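Undergrad: sequence below, structure please.
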Amino acid sequence: MAQDWRNQGHSPAERERALAQLKHASVDVLVVGAGINGAVAAAALAHAGASVAIVDRGDFASGVSSQSSNLAWGGIKYLETGEWGLVRKLCLSRNTLMAAYPSSVKEIRFFTSIRRGFRVWSFFVWLGALLYWVLGNFHLSAPRYLRRANIIREAPVVAPEHIVGGLEYSDCYLVDNDSRFVFNFVRRAQDSGALAANYVSVESLKWQASQSLWHVQLRDRVADETFTLVTRAVINATGPETDLLNSAVGVHTQHHHVLSKGIHLIVDRIASVDRVLTFFASDGRLFFVIPMGPKTCIGTTDTRVETAAVSVTDEDRQFVLDNANQLLRLPRPLGPEDIIAERVGVRPLAISGTVRDHDWVQLSRKHELEVDAATPFISVFGGKLTDCLNVGHEIVALVSKLGVETPKAGGQWYGEAPAERKQVFMKTAHEMDLDRLTPAKAVEPLTERFWRRYGEQAFGLLTAIKENPAMAEHVMREAEYTYAEIQLIARREMIVTLEDFLRRRSKISQVVRAKDLKADPGLLATATMLFGVEAGQRLHAEFVAK
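TA: Numbering: from 1, shown residues only. Here you go, the predicted structure:
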C-alpha cells in the first residue's frame, strides 16, 4: 500500500503547509477522523480558542459522511418508537442548520404513500406528521393528508395499486453533496487556526502519564513518512472504526457500535415532481425516491453487517430495483443498465449492551459521547448530519472540563458568512453582469452557485473572472464547474486524488456516467489544474484504466 502512495507523488501545497506544521507539533486536541463528527469538533474547538489538529487516514468525509441520502431530516420515523425527545432535538437542530446555511440546507416536501395492509392506518400516519410539525416549532410548511385521488393526480409516477392514502410533509435536503458540506467544516476549522491533513493515519497512540500528554505517531500516506505529534487530549471520531481504535489504545467504554449497511442507486430523473417520494418497501422499511438535480437517487437498504468494508451486492441492487419497479409507474422497468452510480456505506449505531435481532431496525442515530477523564480521551458514537451542531457544542463543553482552555467558547462557529456580505457579493456580481455568463443548460445562475459553494472565497472568483471572462466558462461538458472554481479548489481544498474532487468536493462522478466522463475532453483540463504535469498519468491510472 505504501508503495502505491509513493507512486502517486502528489501533495497539494495547502496540505504540505499543514504537514510541515503538524510534524513534531504540540496541540491541545487531536481529532482523529474527519467525517461529520470530527469536522464539527475541530471547527467548534478551533473557534473556541483551542489549538487543534484533525487528521483522517483517507480523504476528508470519505467514509460514512459521503454515503448519506443528502437529507437533513428530523427523524420522523423515531416517533413510532416513542423517542419524542430525540425527534424534538433533531427537528430543532434541523431548523438551526436551515437558518445557518440558507443557501445549502433547503426545505423539500416529502410525498408518502400508504398501501393497504400497512401496520398503521394512513390517517394515523398523518397525525404523526402533524405531531412532527409541532415538535419542529412549525418551522416548515404544514403537513397535508393525501387521499388516494390526490396521490394519483399529483404524483402520477406512483403506482396506484393498493394505495389507500398518504401524507405530505416537509424536511430539508443538502443542495450540494454531504461530503462537500462536511469539508466546509474542516475548512472552517482551518480558517480558525486548526491544522488539517487528509491521508494521514494514526500509527500509534501512547499516553505518557508522567507528562499528562499523548504521544502520537502519524504517517503521511502520500510520502510514506512518519512523524510524531504531542497532544493533551484525543477525540476518537472515526465512525465505524471507533471501537477498533479504542481497543488498540486500551480505552474501555459503555457504548459501542453496531453497523447497518445502506445503499442508494442513482439513475436518470424518473419523476417530474420536485418532492421526495417516500414508501415502505416490501420488508416494511422506508424507501426513498429523491430528486437529485437531473438525476434521481433511490434506496435504501438496512442490513446488519460486522465490518465497515462493504460493497453493493447483486442482492442489494436487485432489492432496490425491484421495489422501485413495484412502487413506481415507469415507461419501462429499471434495470442494472440504468444505474449511473452507486452509494454504499455503513451507519454506526450507538448501543449500550447488546441488541436483539428484532430491535435492529428500531435503533436510532442518536449520538453518545464518552470521556476517559484520566487520559483524557473522548469517544464519539453514532450521530447523524442533522445533529452535528449539537456534537460540536458538547465537545467544546467536555474538552473545557478536561482542562483545555477555550477562551472564545460561546461564539458562533458555524454558518454562512453574514447576510450583508452576501449582499455585497451579489451587488458586485450583478454589476459585472456575471449571470449573463451562465451557460444556457446550467441548473442555476453562477452567482447563487458561487456563493453557496465557496462563501467569502467567491469574491476571489469574481476577481479572476473580471480579469479574464473566459474563467467563467465551464471546464467539462457534463459538470457545472468553471475554470475559476477549479483553480480555487486546487489551491484550497487539498485534492490528492482525482476521486477527492469528482466524488467528494463535488458529486460529478455520482451524476455523470463513467463513459461520458472518460469521453469529456474537459476532464484532462481539470486534472491539469489539479495535478500539473502529473495530470495525464494520474488520469489514466485513477480513472481511464479502471
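Undergrad: going forward, measure contacts between C-alpha atoms and count neighbours the same way
TA: Fine.
Undergrad: list the contacts of the residue nearest to residue 492 when sequence neighbours are not counted.
TA: Leaving aside its sequence neighbours, residue 492 sits nearest to residue 14 (CA to CA, 6 or more residues apart in numbering; 6.3 Å). Applying CA atoms under 8 Å, 6 or more residues apart in numbering to residue 14 gives the contacts 491, 492, 493, 494.
Undergrad: could you say which helix or strand holds the first one?
TA: Residue 491 is located in helix 483-492, with elements delineated by DSSP states H and E.
Undergrad: packing partners of that helix?
TA: Secondary-structure packing of helix 483-492 (3 or more CA pairs under 8 Å, 6 or more residues apart in numbering; DSSP states H and E): helix 13-22, helix 458-467, helix 522-531.
Undergrad: do you know which of the ones you listed lies nearest residue 70?
TA: Among those, the nearest to residue 70 by CA to CA is helix 458-467 (23.5 Å).
Undergrad: leaving out chain neighbours, which residue sits closest to residue 347?
TA: Spatial nearest neighbour of residue 347, chain neighbours left out: residue 260 (5.0 Å); criterion: CA to CA, 6+ apart.
Undergrad: before we move on, what SS does that neighbour have?
TA: Secondary structure state of residue 260, per DSSP: H, G, I helix; E, B strand; the rest coil, is strand.
Undergrad: for residue 476, same thing?
TA: Following three-state DSSP, we place residue 476 in the coil state.
Undergrad: now it: how far from residue 341?
TA: 19 Å (CA to CA, to the nearest Å).
Undergrad: what's the answer for residue 55, then?
TA: Residue 55 sits 28 Å away from residue 341, going by CA to CA.
Undergrad: same drill for those two, tell me which one is more crowded.
TA: Neighbours per residue, other CA atoms under 10 Å: of residue 55 and residue 341, the larger number sits with residue 55, 25 against 16.
Undergrad: what's across from that one in the sheet?
TA: Beta-bridge partners recorded for residue 55 (DSSP bridges): residue 32, residue 197.
Undergrad: show me the contacts for it.
TA: Contacts for residue 55 (CA under 8 Å, 6+ apart) come out as 30, 31, 32, 33, 34, 196, 197, 198, 199, 200, 201.
Undergrad: out of those, which is most surrounded?
TA: residue 34 (32 neighbours).
Undergrad: go ahead and confirm it touches residue 54.
TA: Yes. Using CA atoms under 8 Å, residue 34 is in contact with residue 54, at 6.8 Å.
Undergrad: tell me the confidence at the residue nearest to residue 347?
TA: Reading off the confidence values, residue 260 has pLDDT 92.
Undergrad: what of the one 5 residues further on?
TA: For residue 265, the model assigns a pLDDT of 97.
Undergrad: settle this for me: it is touching residue 339, isn't it.
TA: Yes. Between residue 265 and residue 339 there is a contact under CA under 8 Å: 6.4 Å.
Undergrad: compare these two (neighbour count), which wins?
TA: Set residue 265 next to residue 339 and count neighbours by other CA under 10 Å: residue 265 wins out with 24 against 17.
Undergrad: isn't there a helix covering that one?
TA: No. Judged by three-state DSSP, residue 265 forms no part of a helix; its state is strand.
Undergrad: got a list of what the residue nearest to it when sequence neighbours are not counted touches?
TA: Excluding its sequence neighbours, the residue lying closest to residue 265 (CA to CA, 6+ apart) is residue 342, at 4.7 Å. By CA under 8 Å, 6+ apart, the contact list for residue 342 reads 263, 264, 265, 266, 312, 510.
Undergrad: could you identify which of those has the most neighbours?
TA: Using other CA under 10 Å as the neighbour criterion, residue 264 leads the contacts of residue 342 with 27 neighbours.
Undergrad: report the beta-bridge partners for that residue.
TA: Residue 264 forms beta bridges with residue 299, residue 343, as assigned by DSSP bridges.
Undergrad: from residue 313, how far off is it?
TA: Using CA to CA, one obtains 12 Å as the distance from residue 264 to residue 313.
Undergrad: what segments of the stretch 251-400 of the chain are helices?
TA: Counting by DSSP state H, counting those that start in this stretch, the stretch 251-400 of the chain has helices at residues 314-327, 388-401.
Undergrad: that older thread, any idea of the mean pLDDT for the helix or strand following the helix holding residue 491?
TA: Remark: after helix 483-492, the chain's next helix or strand is helix 498-499, criterion DSSP H and E. Helix 498-499 comes out with an average pLDDT of 94.
Undergrad: chain center to helix 498-499, what's the gap?
TA: 17 Å (CA atoms, centre = their mean, to the nearest Å).
Undergrad: and residue 279, what does it touch?
TA: For residue 279, the contacting residues are 112, 113, 114, 286, 287, 288, 327, by CA under 8 Å, 6+ apart.
Undergrad: please redo it, this time with the cut-off set to 7 Å
TA: Counting by CA atoms under 7 Å, 6 or more residues apart in numbering, residue 279 touches 112, 113, 286, 287, 288.
Undergrad: rewinding a little: compare the helices of the stretch 251-400 of the chain and give me the one nearest residue 243.
TA: The nearest among the helices of the stretch 251-400 of the chain, by CA to CA, is helix 388-401 at 18.5 Å.
Undergrad: other SSEs contacting the closest one?
TA: Counting contacts by 3 or more CA pairs under 7 Å, 6 or more residues apart in numbering; DSSP states H and E, helix 388-401 is packed against helix 36-47.
Undergrad: helices or strands up against the helix it packs on?
TA: Under the contact criterion of 3+ CA pairs under 7 Å, 6+ apart, helix 36-47 touches strand 26-32, strand 52-55, helix 178-191, helix 388-401.
Undergrad: save those as TSV, and put in distance to residue 254 and mean pLDDT too.
TA: Conversion of the helices and strands packed on helix 36-47 to TSV gives the following (distance: least, CA to CA, whole Å; pLDDT from 0 to 100):
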stretch	distance to residue 254	mean pLDDT
strand 26-32	20	98
strand 52-55	25	98
helix 178-191	28	97
helix 388-401	17	97
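Undergrad: look at the spatially most distant residue from the centre of the chain and report its pLDDT.
TA: In the chain, residue 210 marks the outermost C-alpha relative to the chain mean, sitting 39.8 Å out by CA atoms, centre = their mean. Turning to residue 210, the model gives it a pLDDT of 96.
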